[in-house]
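Student: Okay, sequence plus prediction incoming.
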There are 2 protein chains.
Amino acid sequence: MMVRTRKGMTERHQKIMDFIVQRYDEGFPPSIREIGEAADISSTSVVTYYLKQLTEMGLIERDPKFSRAVRPTHVNSKDLFRIPILGPIAAGLPILVPDPQKAYIGDEINGVDVARSLLPEREKARELFALKVQGDSMIDAMINDGDIVILKSTLEARNGDMVAVWLPARDETTLKYFYKEKERYRLQPANPTMKPIFVGKDEPLEIKGKVVMVIRKLETTAA
Amino acid sequence: MMVRTRKGMTERHQKIMDFIVQRYDEGFPPSIREIGEAADISSTSVVTYYLKQLTEMGLIERDPKFSRAVRPTHVNSKDLFRIPILGPIAAGLPILVPDPQKAYIGDEINGVDVARSLLPEREKARELFALKVQGDSMIDAMINDGDIVILKSTLEARNGDMVAVWLPARDETTLKYFYKEKERYRLQPANPTMKPIFVGKDEPLEIKGKVVMVIRKLETTAA
DNA sequence: CTTGACACAGAACGTATGTTCGTGTATTAT
DNA sequence: ATAATACACGAACATACGTTCTGTGTCAAG
């Protein structure tokens, strides 16, 4: 028969992990006995027992050379959001529809870390995704080739929001300020010298997301 | 009588600070004796002596309840750099000259947290500062009102770098791509449809810093 | 020459800390 | 039933750790 030892995270595992993460965020990693106190464990050997398991699970790292040398392995600093870059955005190409579940689990090799303090209030990380701009078709929106735009997944928008819209009839994707008018939608470029695009209400218009941030990294080694 | 300014930041202060920051970044804060070893101090009392001073300077925090409970005060997370916003940048205004020492200690109430992974290689945090753009005079550089530009303090630039330059003769500050040509400097706007500015080599030109990142936060509550 | 502040070393001491060992108790597989 | 396993407790121990006290040399002011 199968060994039933499917490493389940018991309540004690979870309590210990939470405490280690909390202390790690504070900068003061805990001692064995402090962990025991936090998890209602009276014996230090029991804490060692669980710490060994958590290490084997790959959830924490320890350094036997130092005391209090325990830290969570994953980079889940509470001050950071890792936002996946789902793909490129360019005029004439449909952009990916973000799947929150996939975005959370999927390969986040390509992603941007964004400080929470830069994001408005308490954005849900799962609702955010990033796109890398290809080409200079968005230049009228003050967004250049190579820029990373961070969007909040939404299907609706309020007036004044900068949104990523997909216009099937025109086979075009753009970033514009969104205004709903009487008989039409007005897509206003960020550059005030450029004229807006008007989309009649009978024309299909898909809002993919709302831009919450633009990040431009400049190469230090430019030609 | 004595002004308790940071008069003494001796080599030992610096060594200890660097070591504490390094260990804090690694997640494993050091013990007194480890600090002593790193700073070539044989006695633990001397380390205590310096730790007390650094605490009074506000550079580190300690918690007497725990061992190894020492951390730099200014860092929130090991993955973040807190970059001070030294002031606004606008055409016609001189921008502040950053003082690395002051930037390290000074009031960093106004600052931006930037994920280290977004910065090129191993930028020294001390060399970075941020400016908040006022007005749309930089619009030809694809930089809008309210944007935050992060610069690396430097007095020289290579061709292709985007730099903040101060032109005393024109009483003007701009962000442009920098090119050194035979008899002049060419300041190229980011927007390819705009024409460059030429500055003769006899005209004064002060490079304040090199732009390494641009961050634009969009309001969720736009009119 | 004193005086005192300063920078540093060394040792002592009480507590903190991680590991190890022995033991007990359910649960489960054979 | 027996053995194996997972989970839990407490004690013991060697070392790590922070604090504190004493002492030493330097240097500038009085």
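Tutor: Looks like it arrived, so ask away.

Student: what sits against the spatially closest residue to A:Thr154 that is not a sequence neighbour?
Tutor: Spatially, and ignoring its direct neighbours in sequence, A:Thr154 is nearest to A:Lys210 (5.2 Å; CB to CB, 6 or more residues apart in numbering or on different chains). (Glycine included, C-beta is placed from N, CA and C.) A:Lys210 makes contact with A:Leu151, A:Lys152, A:Thr154, A:Ala157, A:Asp161, A:Met162, A:Val163, A:Ala164, B:Thr220, according to CB atoms under 8 Å, 6 or more residues apart in numbering or on different chains.

Student: Taking these, tell me the two that lie furthest apart.
Tutor: The most widely separated members of the contacts of A:Lys210, counting by CB to CB, are A:Ala164 and B:Thr220 (15.1 Å).

Student: more neighbours, those two?
Tutor: More neighbours sit around A:Ala164 than around the other of A:Ala164 and B:Thr220, counting by other CB atoms under 10 Å in any protein chain shown; the figures are 23 against 15.

Student: in which helix or strand would I find the more buried one?
Tutor: Counting by DSSP states H and E, the element that carries A:Ala164 is strand A:162-167.

Student: Can you point out the buried residues in that strand?
Tutor: Within strand A:162-167, the residues that qualify as buried by neighbour count (16 or more other CB atoms under 10 Å in any protein chain shown) are A:Met162, A:Val163, A:Ala164, A:Val165, A:Trp166, A:Leu167.

Student: Kindly report the same for stretch A:173-182.
Tutor: Of the residues in stretch A:173-182, those buried (16+ other CB under 10 Å) are A:Thr173, A:Thr174, A:Leu175, A:Lys176, A:Tyr177, A:Phe178, A:Tyr179.

Student: do the same with stretch A:23-43
Tutor: Judged by neighbour count using 16+ other CB under 10 Å, the buried positions of stretch A:23-43 are A:23-25, A:27-32, A:34-36, A:38-39, A:41.

Student: Which two among these are spaced furthest apart?
Tutor: The most widely separated members of the buried residues of stretch A:23-43 are A:Gly27 and A:Ile41, with 23.5 Å between them, by CB to CB.

Student: what is the mean pLDDT for the lengthiest helix in chain A?
Tutor: Longest helix in chain A, counting residues (DSSP state H): helix A:11-26. Along helix A:11-26, the predicted confidence averages to a pLDDT of 85.

Student: and the helix or strand that that helix is followed by, is it in reach of DNA strand C?
Tutor: Using DSSP H and E, the next helix or strand after helix A:11-26 towards the C-terminus is helix A:32-38. Yes. Using CB under 7 Å from any atom of the strand as the criterion, contacts between helix A:32-38 and DNA strand C involve A:Ile32, A:Arg33, A:Glu34.

Student: now the residues you listed as CSV including pLDDT?
Tutor: As requested, the residues of helix A:32-38 next to DNA strand C are arranged in CSV below (pLDDT from 0 to 100):
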residue, pLDDT
A:Ile32, 92
A:Arg33, 91
A:Glu34, 91
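
Student: now the strands for chain A?
Tutor: Along chain A, the segments classed as strands by DSSP state E run A:60-62, A:70-72, A:80-89, A:111-115, A:128-133, A:148-153, A:162-167, A:172-180, A:184-188, A:197-200, A:206-217.

Student: on that earlier part again, would you indicate which residues of the longest helix of chain A are buried?
Tutor: Residues of helix A:11-26 classed as buried under the neighbour-count rule (16+ other CB under 10 Å) are A:Arg12, A:His13, A:Lys15, A:Ile16, A:Met17, A:Phe19, A:Ile20, A:Val21, A:Arg23, A:Tyr24, A:Asp25.

Student: So the nearest residue to the first one once chain neighbours are set aside versus B:Ala157, what's the distance?
Tutor: Nearest residue to A:Arg12, sequence neighbours excluded (CB to CB, 6+ apart): A:Ala39, at 5.6 Å. Distance check for A:Ala39 against B:Ala157: by CB to CB, to the nearest Å, it reads 55 Å.

Student: Point out the residues in chain A that sit beside DNA strand D.
Tutor: Chain A has residues A:3, A:5, A:10, A:12, A:41-46, A:49-50, A:53, A:66-67 near DNA strand D, with proximity defined as CB under 7 Å from any atom of the strand.

Student: Go back to those residues and keep what's next to DNA strand C.
Tutor: Counting by CB under 7 Å from any atom of the strand, A:Thr44, A:Ser45, A:Ser67 from the residues of chain A next to DNA strand D sit close to DNA strand C.

Student: Select from those residues every entry located in helices.
Tutor: When DSSP H defines the helices, the subset of those inside them is A:Thr44, A:Ser45.

Student: Between the ones next to DNA strand C among the residues of chain A next to DNA strand D, which sits nearest chain B?
Tutor: The shortest distance between chain B and any of those, using CB to the nearest CB, involves A:Ser67 and amounts to 6.8 Å.

Student: wait, isn't that closest one in contact with A:Arg33?
Tutor: No. Under the criterion of CB atoms under 8 Å, A:Ser67 makes no contact with A:Arg33, lying 10.9 Å away.

Student: ok, back up a step: direction included, what does the strand holding A:Ala164 pair against?
Tutor: Here strand A:162-167 is paired, per DSSP bridges, with strand A:172-180 (antiparallel), strand A:206-217 (antiparallel).

Student: Can I get those in TSV including distance to B:Asp136?
Tutor: Shown next, in TSV, are the strands paired with strand A:162-167 (distance: least, CB to CB, whole Å):
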stretch	distance to B:Asp136
strand A:172-180	15
strand A:206-217	15
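
Student: Nearest to A:Lys132 among these would be which one?
Tutor: Each of the strands paired with strand A:162-167 has some distance to A:Lys132 by CB to CB; the shortest is strand A:206-217, at 10.1 Å.

Student: any idea of the angle that closest one forms with strand B:148-153?
Tutor: In this structure, strand A:206-217 runs at an angle of 20 degrees to strand B:148-153, with axes from the mean of the first three to the mean of the last three CA atoms, to 10 degrees as the basis.

Student: Can you name the residues that contact A:Ile89?
Tutor: By CB under 8 Å, 6+ apart, the contact list for A:Ile89 reads A:Ile95, A:Leu131, A:Lys132, A:Val133, A:Gln134, A:Met138, A:Val149, A:Ala164, A:Thr173, A:Leu175.

Student: if I look at it, how far off is A:Trp166?
Tutor: From A:Ile89 to A:Trp166 the distance is 10 Å (CB to CB).
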